[in-house]
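A.B. asks: Okay, here's the prediction I keep looking at, along with the sequence it came from:
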Amino acid sequence: MRPAPGPYADWREWLDAFAEGTDPPSGHLAPIDEQMGPHVQERLMRHISEAFARRQRRWADTFQRDLGALLGDPGRAAHALAAAMTSARTRLAPLRRLCTLPAMPPALRDELKSALDETVRSSQRGLEDSVRHASTELQAVVHANRLTAAPAPPPPAPRGPGPGRRVII
């Protein structure tokens with residue numbers, strides 16, 4: 001049975017997809033505010049926290065799997081570690097976007113951002129600890145590719161032809 005359409009159903013559908021690793025657009029989500037009523041707000045905030053936790057676990061599991069794959073080819077460990085860290089940073093983007101959704105109450109956004117920041121700091125500390133006695137090359141890779149680094153800005157949109165007609169002679 002499909003739930004009745006409305007803001008709560010929209011949020012639940014979006015959160016279920018998000019938790020499973022999909023990154024659907026969020027512009028249609030209604031603000032979570034007093035107009036929804038306290039019980040609906042509470043349920044939605046619980047669902048948001050659960051979806052966030054599931055997606056965060058998915059991120060951590062994938063990162064651990066990528067790091068585990070490094071054991072298979074020690075000769076390429078530095079390159080593979082850099083690639084795993086870059087990929088992990090990229091996969092943090094949807095979690096960071098969730099932490100800034102304007103439709104959520106500011107207190108919830110702050111709570112999620114703090115939780116994500118702590119997860120990323122903890123993962124970075126774990127990596128630093130694990131390479132403490134490794135080669136200086138691996139230590140340099142972990143330092144140069146910090147998970148805590150600010151995300152790179154998106155590339156600029158490609159520019160199309162200027163106004164007017166294109167003349168070919």
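C.D. replies: Alright, I've got the coordinates.
A.B. asks: wait, Gln56 sits on Thr119?
C.D. replies: Yes: using Cβ atoms under 8 Å, Gln56 is in contact with Thr119, at 6.0 Å. For every residue, glycine as well, the C-beta is placed using N, CA and C.
A.B. asks: any common contacting residues for those two?
C.D. replies: Applying Cβ atoms under 8 Å, 6 or more residues apart in numbering, one finds that no residue jointly contacts Gln56 and Thr119.
A.B. asks: Count the neighbours of Gly126 for me.
C.D. replies: Neighbours of Gly126 under the rule other Cβ atoms under 10 Å: 13.
A.B. asks: So, low pLDDT: which residues of the protein?
C.D. replies: Within the chain, the stretches with pLDDT under 70 are 1-4, 71-75, 150-169.
A.B. asks: What is the longest helix of it by residue count?
C.D. replies: When the chain is parsed with DSSP state H, its longest helix is helix 38-68.
A.B. asks: how about Leu29, what does it touch?
C.D. replies: Contact analysis of Leu29 by Cβ under 8 Å, 6+ apart lists 7, 10-11, 14, 101, 103.
A.B. asks: One more: His143?
C.D. replies: Glu128.
A.B. asks: so it is in which element?
C.D. replies: Assigned by DSSP states H and E, His143 belongs to helix 136-144.
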